[in-house]
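> Make a model of this:
(one chain, ligands or ions: 2)
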Amino acid sequence: MDAPAKASGGYAIAGGASSTGKAPSAFREAEKKYQLHYDQELKFSKGKLRGKRGRLRERPTDLSEVLDFRSPPRDGDVGVVEVAMDFPGNRRRTVRSLARHPGFYHVESYLTCEECEELAREILETHIDPPASSNHTARHGDRVSGLWAAAGRGDAYDPVSGRDGTCWSPLSLSPSGSGVLTARTLLERLRWVSLGPRYDWTRRKYLRDSPHRELPRGLKAMADGAVASLCAEEGGATSSMSTFGADAALVNFYGAGDTLGGHVDDAEADLAQPLVSLSLGCDAVFLLGGRTREERPTAMLLRSGDLVVMSGDARRCYHGLPRILSSREPMKSSRQGAQGGGLSVEGYLAGHRINVSVRMVAEPS
Ligand SMILES: O=C(O)CCC(=O)C(=O)O
Ligand SMILES: [Fe+2]
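Numbering: from 1, shown residues only. Ligands and ions are numbered 1, 2, ... in the order given. As a prediction, the model looks like this:
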């Protein structure tokens, strides 16, 4: 998998229109269709184009072909099958599978709004910190601890004399000027956190012997429980999911304009084991394709609390996230991020999406 791409950062979205002159793949075409684009307004005066550049305007996106499981299924070749199922904790939920994508399941509102906020709070207040690894610990080391609290206090990044062994100092103690890196900015730039064995993005493998934060028990219970229920529905012991035991998760953080390029998760030891993916915060357009980028993907809407399971054939298929549907403009939100002001989990979720994708990294015993 490629690291998620930050709208304002230096990552490139994977699978881009090739420099080899080949036509872009069907997956790439779909990514381009749903990505956030800006058009520069041109300024004319007396019929002449003036040099001064106008405002950037968000280009409208046609979402009419995005599958929304809450509306009656659109016609097409996707083949939505709907069943009501019981999950642990007295959860009776609607599960959709798609004839076009065997092994894919969508569980609508698996978590309630309150549960989403509670989980997001745990993630932001605790799970993102060392010994978990993140894009920040990879770059700045394990002193990047207590990021959420530091962002709430309005602290500045101070790797030399930060308080209590961390890299945070009150902003008032930092040299003034525009070059100060704040905890708010780092929170805005948080992209991924690895729970359970660390995922090495460069070598594309899990580092079993490095220090890490164990997969939190609540996340393990949620993923194991959801998979056990789907497995029973599929026929119990004969299902490919019957030996699943979650032991790791990648948590991705998206602001408006951020994307995750098309990829197949293939670093896990046993690809017969499913991926369990939970969405928190902003709605998003998710693309599920086939075994190659040439197959046209299905675009679907994922909302906060929705759970997706990719098992069987779908486990080996391309997928990605070209669009977060946030009402906040990315440029505005990163500027707000650098300025201070109120910080709440509810507010964070209103402008961001968190995805927790729980998996089994070990070989089944
Ligand atoms: O954000 C998502 O919904 C997808 C995440 C994903 O594909 C991954 O973490 O491997
Ligand atoms: Fe993935």
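
> three-state assignment of P102?
With DSSP: H, G, I helix; E, B strand; the rest coil as the basis, P102 sits in strand.

> That one contacts D313, correct?
Yes - if you go by CB atoms under 8 Å, P102 and D313 touch, sitting 4.8 Å apart. Bear in mind the C-beta positions are built from the backbone N, C-alpha and C, glycine included.

> quick one: common contacting residues for those two?
Shared contacts of P102 and D313, defined by CB atoms under 8 Å, 6 or more residues apart in numbering, are absent.

> Residue of the protein nearest ligand 1, please.
N355 (3.2 Å; CB to the nearest ligand atom).

> Where does pLDDT dip in the protein?
1-2, 6-20, 52, 72-75, 176-178, 328-341 (pLDDT under 70).

> show me the contacts for the closest residue to E295 other than its chain neighbours.
Nearest non-adjacent residue to E295, counting by CB to CB, 6 or more residues apart in numbering: G289, 5.2 Å away. Residues in contact with G289 (CB under 8 Å, 6+ apart) are 26-27, 30, 262, 295-298, 317-319.

> what number of residues lie near the nearest residue to N135 once chain neighbours are set aside?
Among residues not flanking N135 along the chain, R191 sits closest, at 4.5 Å (CB to CB, 6+ apart). A total of 20 residues lie near R191 under the criterion other CB atoms under 10 Å.

> Check whether R191 really touches A3, as I assumed.
Yes - in this structure R191 lies within contact range of A3 using CB under 8 Å: 6.8 Å.

> is E82 in a bridge, and if so with what?
Beta-bridge partners of E82, counted by DSSP bridges, are R96.

> ok, now which ones touch it?
Contact partners of E82, counting by CB under 8 Å, 6+ apart, are 94-96.

> again with D247
D247 makes contacts with 196-197, 215, 220, 359-362, as judged by CB under 8 Å, 6+ apart.

> Among the residues you listed, name the ones in strands.
R359 (DSSP state E).

> The contacts of D247: which two are farthest apart?
The most widely separated members of these, counting by CB to CB, are P197 and K220 (13.5 Å).

> thinking again about what came up before, check the contact lists of R191 and A3 and give me the overlap.
By CB under 8 Å, 6+ apart, the residues touching both R191 and A3 are N135.

> Bridge partners for the nearest residue to F286 once chain neighbours are set aside, pull those for me.
Ranked by CB to CB, 6+ apart and with sequence neighbours excluded, the top spatial neighbour of F286 is L302, at 4.9 Å. Applying DSSP bridges to L302 gives these bridge partners: A284.

> Ligand 1 contacts on the stretch 201-350 of the chain?
By CB under 6 Å from any ligand atom, the part of the stretch 201-350 of the chain that sits against ligand 1 consists of 250, 252, 260, 265, 277, 286, 319, 321.

> Relative to S109, how far out is the third one?
As for L260, its distance to S109 is 22 Å (criterion: CB to CB, to the nearest Å).

> Looking at these two, which one has more neighbours?
Using other CB under 10 Å, the more surrounded residue of L260 and S109 is L260, with 26 against 17.

> Identify each buried residue in the helix or strand encompassing that one, please.
Element membership of L260 [criterion: DSSP states H and E] is strand 260-263. Buried residues in strand 260-263, counted by 16 or more other CB atoms under 10 Å: 260-262.

> swap in stretch 64-79?
66-67, 69, 78.

> can you list the domains in the chain?
26-34+76-119+198-359, 129-189 (automatic domain parsing).

> Kindly format the C-alpha coordinates of stretch 295-305 as CSV.
Below are the C-alpha coordinates for stretch 295-305, written out as CSV (Å, rounded to 0.1, in the frame of the first residue of the first chain):
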residue,chain,number,x,y,z
GLU,A,295,-11.3,-3.1,-14.1
ARG,A,296,-13.8,-0.4,-13.6
PRO,A,297,-14.3,0.2,-9.9
THR,A,298,-17.6,0.6,-8.1
ALA,A,299,-17.9,3.9,-6.2
MET,A,300,-19.7,3.9,-3.0
LEU,A,301,-20.4,6.3,-0.1
LEU,A,302,-19.1,5.4,3.3
ARG,A,303,-20.5,7.3,6.3
SER,A,304,-19.4,7.6,9.9
GLY,A,305,-20.0,4.3,11.8
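
> Return the distance of that stretch from the chain's centre.
On the basis of CA atoms, centre = their mean, to the nearest Å, stretch 295-305 sits 13 Å off its chain's mean C-alpha point.

> What of stretch 294-302?
16 Å.

> Please report the number of neighbouring residues for K32.
14.

> before we move on, what about N135?
Counted by other CB under 10 Å, the residues lying close to N135 total 21.

> Doesn't E65 belong to a helix?
No - with three-state DSSP as the criterion, E65 is coil rather than part of a helix.

> And the helices in the stretch 251-365 of the chain, which stretches?
330-339, 345-351 (DSSP state H, counting those that start in this stretch).

> Name the residues of stretch 287-300 that come out as buried.
Neighbour-count burial for stretch 287-300 [16+ other CB under 10 Å]: 287-290, 293, 295, 297-300.

> on that earlier part again, now neighbour count too, for the contacts of D247, in TSV please.
Listed next are those as TSV, based on neighbours: other CB atoms under 10 Å:
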residue	neighbour count
G196	25
P197	20
L215	21
K220	19
R359	25
M360	26
V361	20
A362	16
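
> Strands of the stretch 1-150 of the chain, start to end?
Assigned by DSSP state E, counting those that start in this stretch, the strands in the stretch 1-150 of the chain fall at 38-45, 48-58, 80-87, 91-98, 101-107, 133-134.
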